[in-house]
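Novice: return a 3D structure for these sequence lines:
(one chain, ligands or ions: 1)
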Amino acid sequence: MPFPDGLADFRSDTVTRPTPAMLEAMASAPLGDDVYHDDPTVNLLEEESAEATGKESAIFVPTGTMGNQLSIMYHTSPGEEILANGASHLRSIEAGAAQALSGVAFRTVERPGGQIHPEDVDDAMETSGFFPRISLMTWENTHNLSGGKVIPFEVMEATSARARSHRLAIHIDGARIWNVTAATDIDGPAWGALSDTIQFCFSKGLGAPVGSIVCGPADTIDEIRYLRERMGGAMRQAGVIAAAARIGLAERARLVEDHVLAQKLALGFAERFPGSIAADEVDTNLVLVDFAKLGYTWDEVAARLLAANIRVNPPLKGNWRIVTHRDVDDSDVERLFAALS
Ligand SMILES: Cc1ncc(COP(=O)(O)O)c(C=O)c1O
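Specialist: Just a heads-up that it's a prediction; the model follows:
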């Protein structure tokens, strides 16, 4: 559904605006004080999210960052390390929160696509004595910085088993986990079983205006509820936003449409700007284009797109990320190519 003002916004799937059905549900949601567990809409969202990920319980939080950071706080103690892919959102794009709030450092694995392999876990755990303890391993699927890549199930299964054999806790940053299920046909509980806690966002491709959730065992979620209070993340009549989140979750199967549109974009770039992208490398809704292959300067592209009422982010380290979501469509993709031709 393109924006009524004609803007085509390809910067992120976070730019989606609530649908009319979401706005209606927000206006009529039964409400209560969630700190007393009294908000029926939040309670339903937590039950539905726990079920969708195959977990016992869940807790609604304001942002994905808070969901990740509360999970880190729960799983670690100050001075410990987290084993993570070096290009993880929770390490590098959350303003140093893990270091500042939980007092932890990162032991990083540098592999493409956000992957970590079983031998990386063995390698990291080979230390003892006065080396910092590693207590947690984290995944991010889909993997944002590599362009929405899906970490294959077999890789996560094998590596999570190895991490568990070393008694590591496991957290999944599943900000876009429903893009993973849409791309693989492997369901939420199967992915959820590869971790202790899993966080996902309603405010990205699911299209809700606000909110994320952490799912896990009941006693873990109880403790995270305590930590959420500490961090000022406890909300009151949060059913107002949970109502929209419930609709986004119920409609999650539609994310395949964003993937089809991303393929159209990728094929369009491959055809018009040879070498700028390998279309078969695009797994989900994030499209990474090698900007240098376009033959334009960024100022030229920015001016053309501005004139066409199209918004994009500038390239980052040569990669130009273009994102599809429920508020852009085929005609917006055609407008983008027309502006670039
Ligand atoms: C992979 C990933 N994790 C976590 C987050 C954080 O979500 P939020 O912006 O809701 O804090 C994002 C946001 O872009 C993300 O892409």
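Novice: which elements pack onto the helix or strand encompassing residue 70?
Specialist: Residue 70 belongs to helix 64-75 when assigned by DSSP states H and E. With contacts taken as 3 or more Cβ pairs under 8 Å, 6 or more residues apart in numbering; DSSP states H and E, helix 64-75 sits against helix 89-92, helix 97, strand 134-140, strand 169-173, strand 197-201, strand 212-216, helix 218-230. To be clear about C-beta, it is placed using only N, CA and C from the backbone, and glycine gets the same treatment.
Novice: and that helix, is it in reach of the ligand?
Specialist: Yes - contact of helix 64-75 with the ligand (Cβ under 6 Å from any ligand atom) involves 64, 65, 68.
Novice: top of the residues you listed by number of neighbours, please.
Specialist: Neighbour counts for the residues of helix 64-75 next to the ligand (other Cβ atoms under 10 Å) peak at residue 68, which has 29 neighbours.
Novice: nearest spatial neighbour of that one, skipping sequence neighbours?
Specialist: Using Cβ to Cβ, 6 or more residues apart in numbering and skipping residues adjacent in sequence, the residue nearest residue 68 is residue 90, 4.3 Å away.
Novice: spit out the contact partners of that neighbour.
Specialist: By Cβ atoms under 8 Å, 6 or more residues apart in numbering, the contact set of residue 90 is 65, 68, 69, 72, 84, 97, 98, 138, 140, 173.
Novice: and residue 122, by the same measure?
Specialist: So residue 122 contacts 162, 166 (Cβ under 8 Å, 6+ apart).
Novice: for the one helix or strand it maps to, list the C-alpha coordinates in PDB.
Specialist: Assigned by DSSP H and E, residue 122 belongs to helix 118-125. Only the C-alpha atoms of helix 118-125 are listed here, as PDB (Å, rounded to 0.1, in the frame of the first residue of the first chain):
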ATOM      1  CA  PRO A 118      30.600 -25.100  15.400                       C
ATOM      2  CA  GLU A 119      34.400 -24.900  15.200                       C
ATOM      3  CA  ASP A 120      34.200 -21.100  16.000                       C
ATOM      4  CA  VAL A 121      32.500 -22.100  19.300                       C
ATOM      5  CA  ASP A 122      35.200 -24.600  20.100                       C
ATOM      6  CA  ASP A 123      37.900 -22.200  19.200                       C
ATOM      7  CA  ALA A 124      36.400 -19.400  21.400                       C
ATOM      8  CA  MET A 125      35.900 -21.800  24.300                       C
END
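Novice: so how far is it off the chain centroid?
Specialist: 25 Å (Cα atoms, centre = their mean, to the nearest Å).
Novice: for the ligand, what's its nearest residue on the stretch 151-300 of the chain.
Specialist: residue 175 (3.5 Å; Cβ to the nearest ligand atom).
Novice: could you report the pLDDT at that residue?
Specialist: If you check residue 175, the pLDDT there is 98.
Novice: report how many residues lie close to it.
Specialist: Residue 175: 28 neighbours (other Cβ under 10 Å).
Novice: contact partners for it?
Specialist: Residue 175 touches 64, 89, 140, 144, 199, 200, 201, 204, 212, counting by Cβ under 8 Å, 6+ apart.
Novice: if you set the cut-off to 6 Å instead, what comes out?
Specialist: Residues counted as contacts of residue 175 (Cβ atoms under 6 Å, 6 or more residues apart in numbering) are 64, 201.
Novice: element containing it?
Specialist: Following DSSP H and E, one finds residue 175 outside all helices and strands.
Novice: hang on, the earlier thing: out of the helices and strands packed on helix 64-75, the one nearest residue 21 is which?
Specialist: With Cβ to Cβ as the criterion, residue 21 lies closest to strand 197-201 of the helices and strands packed on helix 64-75, at 19.2 Å.
Novice: packing partners for that closest one?
Specialist: helix 64-75, strand 169-173, strand 212-216 (3 or more Cβ pairs under 6 Å, 6 or more residues apart in numbering; DSSP states H and E).
Novice: how about it and the ligand, touching?
Specialist: Yes - interface with the ligand: strand 197-201 contributes residue 201 (Cβ under 6 Å from any ligand atom).
Novice: give me every residue in the stretch 201-341 of the chain lying close to the ligand.
Specialist: Residues of the stretch 201-341 of the chain lying near the ligand (Cβ under 6 Å from any ligand atom): 201, 203, 212.
Novice: what about 5 Å?
Specialist: Contacts of the stretch 201-341 of the chain with the ligand, taken as Cβ under 5 Å from any ligand atom, are absent.
Novice: same check, this time on the stretch 51-200 of the chain
Specialist: Proximity of the stretch 51-200 of the chain to the ligand, by Cβ under 5 Å from any ligand atom, involves residues 63, 64, 65, 89, 144, 173, 175.
Novice: measure how buried the fifth one is and give me the count.
Specialist: Taking other Cβ under 10 Å as the criterion, the count of residues near residue 144 is 21.
Novice: residues in contact with the closest residue to the ligand within the stretch 1-150 of the chain?
Specialist: For the stretch 1-150 of the chain and the ligand, the shortest gap (Cβ to the nearest ligand atom) falls at residue 64, measuring 2.6 Å. Listed by Cβ under 6 Å, 6+ apart, the contact set of residue 64 reads 175, 201, 212.
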